[in-house]
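In: How does the following fold in three dimensions:
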Amino acid sequence: LGVLRAAGLAAKCFATPVWGAVADVRPRSTRPLACALALTAGLVHFYRAPFVVSSLPALFALKIARSAANGVGTLTDALTLRVIDRHAGAGYGAQRLWSGVAWGCGSYVVGAVIDARGFGAIFAWTVGFSFFVIFLLALRPGPEAAAPPPPAAGKAAKTPTDALAAF
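Out: Below you'll find the model as predicted:
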């Protein structure tokens, strides 16, 4: 189990900078966050698949894929910082405070739902709330300013973000 846990953390270690670069390439877009939510919500269902339950290599691969696909934290932080940058008096600390309170209350509610409905409820909960957040992102007002243009063709990329933008 330790190797399985470490594999997920290693995948996040390598994928988090990639998600950060994606957020830099698409600074005002909510699409990367919506894609990360859809990916993680879709992959969570494979944990119940018979071929995953009966195979340690399949479980290992799923753990790596789901951990790498879960760029929600990185993308949420990037989007939050960009939104509060446009609003005077808004603070990142207040956002983190209320997201922590919501996380704690949500954990309590999820625990109560699992107690009442069984462990399978976590799958419906994850998918339901993932798509609810995607719906809220779709309602978000459009960008106030366009993203900076990608580097011109033929120019050498100076940073990994430039390389992603050129790709």
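In: Contact partners for the residue nearest the centre of the chain?
Out: Nearest to the mean C-alpha position of the chain, by C-alpha atoms, centre = their mean, lies Val72 at 1.5 Å. Neighbour list for Val72: Leu33, Ala36, Leu37, Thr40 [criterion: C-beta atoms under 8 Å, 6 or more residues apart in numbering]. Using the backbone N, CA and C atoms, a C-beta is placed for each residue, glycine as well.
In: again, 6 Å this time
Out: Ala36 (C-beta atoms under 6 Å, 6 or more residues apart in numbering).
In: pLDDT at it, what is it?
Out: On pLDDT, Val72 comes in at 80.
In: Below-threshold pLDDT in this protein: ranges please.
Out: 1, 141-167 (pLDDT under 70).
In: buried sites along the helix or strand where Leu81 lies?
Out: Assigning secondary structure by DSSP states H and E places Leu81 in helix 72-85. By neighbour count, and taking 16 or more other C-beta atoms under 10 Å as the criterion, the buried residues in helix 72-85 are Val72, Thr74, Leu75, Thr76, Asp77, Ala78, Leu79.
In: Roughly how far does Phe131 sit from Arg66?
Out: Phe131 sits at a distance of 17 Å from Arg66 (criterion: C-beta to C-beta, to the nearest Å).
In: Okay then, goodbye and thanks.
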